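Visitor: sequence-free structure coming up:
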């Protein structure tokens, strides 16, 4: 094994670094490296003034090449030595430069190219960082491995983005389906409204037709009677004119009176009122109001009556039969079961919507800054509280399955607070007052109520 390694080393020393074959007509450069005479001259063929050594890049004068006769004899001897693997076969295992047909044993860091010894000394790569293939491969392998983790992260992010896009697509289809159902529901409501309006208009038209017909009939009778009177008077006048003078003048006063008192009945015009379709304004403007002025509200537990139960998300309130042990607060309602929103308004326009379950005891509205808390004993406009309410008698029944949606629109600057039944898009009531203090949305749930819930005003409502 040692002799084989020695033999391989001896054969390598007798080989040209450029062609990797045994040295032919070997020459030695000024820096001491040996090459085939033809190989080194071909490598320097296009160079002027500067002739770098293909091994160490030492600048050699053009006339520094010296024929090495002793090395030539030694190469002839080495060629005779037995070998298990020919030099040509080892050369074929290495990648060759397509331009110079020499072994590619260097790598240019700047141009990211494999180079042969002749490429190495060309002007294209002069001054570039060159390194052996093994060293370059190790560096680039490490660099590629450093790219793998960011790429994995990008792949995971892309997969998450794809999944999110899929979820968005499903949500979009769901939203479109909800819109479709909402539009269908609104279309049905509008159709029912139009049918009722059409029926009412037809009924009005029939009543008007009957009234006009009766008037026309009376007018026709009067005209017929007037025509008969005229015919009778004309006949009498004709007879009078044929009589003698004495007969003509006798009783002429009566005929004069009948003539002068004639009244021709007026002809009644046959006209009907033109029916017109007048939709309630909520069908036109309410959707714009909800989109433009919707307010996000949450309940303020600090103001809640001790019997009220506030949900964790502070969106719903219900009445509990047991009083809770809550901290005292001057802002807390104690006289009647109410709670305020954590958000108040001192200007602008604002819209919110409340879902009322059952027809039990409840009240909704706004309360001014100075008129809420433990000192408040009533909830009326004179006390600074504007609300609509629904109360049942102690023996009354309630329907826990019934659901109402009450829309509340506050125009602070105009001094208006309007309530709408969003279940059928009808207007309930509008308060008009001069608002001078901050107003807080107000909610009251009585013992016979189920719950009040602040609705999330999304695009699907």
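Guide: Yes, it's here. Keep in mind that this is a model prediction, so the values were computed, not measured.

Visitor: Now do the helices in the stretch 1-150 of the chain.
Guide: 2-13, 37-43, 69-80, 87-93, 117-120, 133-242 (DSSP state H, counting those that start in this stretch).

Visitor: Where in this structure is the helix or strand with the lowest mean pLDDT?
Guide: In the chain, no helix or strand scores lower on mean pLDDT, DSSP states H and E than helix 87-93, which sits at a mean of 49.

Visitor: what pairs with the nearest residue to residue 297 once chain neighbours are set aside across the strands?
Guide: Taking Cβ to Cβ, 6 or more residues apart in numbering, and ignoring the residues beside it in sequence, residue 297 has residue 341 as its nearest neighbour in space, at 4.5 Å. Quick note: C-beta positions are derived from backbone N, CA and C, even for glycine. When bridges are taken as DSSP bridges, the partners of residue 341 come out as residue 299.

Visitor: Next, count neighbours for residue 341.
Guide: By the other Cβ atoms under 10 Å criterion, the neighbourhood of residue 341 contains 23 residues.

Visitor: May I have the residues that are in contact with it?
Guide: 297-300, 440-443, 454 (Cβ atoms under 8 Å, 6 or more residues apart in numbering).

Visitor: Report the separation between it and residue 413.
Guide: From residue 341 across to residue 413, the span is 19 Å (Cβ to Cβ, to the nearest Å).

Visitor: phi, psi of residue 351?
Guide: Dihedral pair for residue 351: phi -130, psi 140, per degrees, to the nearest 10.

Visitor: Contact partners for it?
Guide: Counting by Cβ under 8 Å, 6+ apart, residue 351 touches 289-290, 293-295, 407-410, 457.

Visitor: how about a cut-off of 6 Å?
Guide: For residue 351, the contacting residues are 289-290, 293-294, 409, by Cβ atoms under 6 Å, 6 or more residues apart in numbering.

Visitor: what's the answer for residue 70, then?
Guide: With Cβ under 6 Å, 6+ apart as the criterion, no residue contacts residue 70.

Visitor: quick one: pLDDT of it?
Guide: Here the pLDDT value assigned to residue 70 is 83.

Visitor: Touching, residue 100 and residue 114? I think so.
Guide: No. Under the criterion of Cβ atoms under 6 Å, residue 100 is not in contact with residue 114, lying 11.9 Å apart.

Visitor: So for those two, which residue has more residues nearby?
Guide: More neighbours surround residue 100 than the other of residue 100 and residue 114, with 19 against 16 (other Cβ under 10 Å).

Visitor: So the more buried one versus residue 50, what's the distance?
Guide: Relative to residue 50, residue 100 is positioned 19 Å away (Cβ to Cβ).

Visitor: Could you chop this protein up by domain?
Guide: Described in terms of automatic domain parsing, the domain architecture of the chain consists of the residue ranges 2-128, 136-260, 284-454.

Visitor: pLDDT on the last one, on average?
Guide: In this case it means domain 284-454. Model confidence over domain 284-454 averages 82 on the pLDDT scale.

Visitor: circling back to that earlier point, most neighbours among the contacts of residue 351, which one is it?
Guide: The most crowded member of the contacts of residue 351 is residue 409, carrying 20 neighbours; neighbours defined as other Cβ under 10 Å.

Visitor: tell me the secondary structure for it?
Guide: On the three-state scheme (DSSP: H, G, I helix; E, B strand; the rest coil), residue 409 is labelled strand.

Visitor: I'd guessed it sits against residue 417; true?
Guide: No. Using Cβ under 6 Å as the test, residue 409 is too far from residue 417 to be in contact (7.5 Å).

Visitor: roughly how far apart are residue 368 and residue 331?
Guide: Between residue 368 and residue 331 the distance is 13 Å, computed by Cβ to Cβ.

Visitor: more neighbours, these two?
Guide: Neighbours were tallied for residue 368 and for residue 331 using other Cβ under 10 Å; the higher tally belongs to residue 368 (20 against 14).

Visitor: residue contacts, that one?
Guide: With contacts taken as Cβ under 6 Å, 6+ apart, residue 368 has the following neighbours: 384, 437, 439.

Visitor: Identify the residues contacting the residue nearest to the last one when sequence neighbours are not counted.
Guide: Taking Cβ to Cβ, 6+ apart as the measure, residue 439 lies nearest to residue 366, with 4.3 Å between them; neighbours along the chain are not counted. Taking Cβ under 6 Å, 6+ apart as the definition of contact, the neighbours of residue 366 are 386, 439, 441-442.

Visitor: for the host helix or strand of residue 443, packing partners?
Guide: Under the assignment given by DSSP states H and E, the secondary-structure element containing residue 443 is strand 439-445. Using 3 or more Cβ pairs under 6 Å, 6 or more residues apart in numbering; DSSP states H and E as the contact definition, the elements that strand 439-445 packs against are strand 316-319, strand 338-340, strand 362-368.

Visitor: Which one (most neighbours) among the contacts of residue 368?
Guide: Of these, residue 439 is surrounded by the most neighbours, 26 neighbours in total, counting by other Cβ under 10 Å.

Visitor: and that residue, what does it touch?
Guide: For residue 439, the contacting residues are 345, 366, 368, taking Cβ under 6 Å, 6+ apart as the criterion.

Visitor: of those, closest to residue 40?
Guide: residue 345 (92.9 Å; Cβ to Cβ).

Visitor: Count the residues that sit near the closest one.
Guide: Neighbour count for residue 345, taken as other Cβ under 10 Å: 17.

Visitor: Check the gap between it and residue 146 for me.
Guide: As judged by Cβ to Cβ, residue 345 and residue 146 stand 57 Å apart.

Visitor: Residue 456 now?
Guide: When Cβ to Cβ is applied, the distance between residue 456 and residue 146 equals 47 Å.

Visitor: coming back round to it: winner for burial among the helices of the stretch 1-150 of the chain?
Guide: Per residue and on average, the most neighbours among the helices of the stretch 1-150 of the chain fall to helix 117-120, with a mean of 22 (mean count of other Cβ atoms under 10 Å).

Visitor: who touches that one?
Guide: Counting by Cβ under 6 Å, 6+ apart, the neighbours of helix 117-120 from elsewhere in the structure are 18, 43, 54, 100, 102, 106.

Visitor: Now do the same for the first one: its pLDDT.
Guide: The reference is to residue 18. The per-residue pLDDT of residue 18 was computed as 80.
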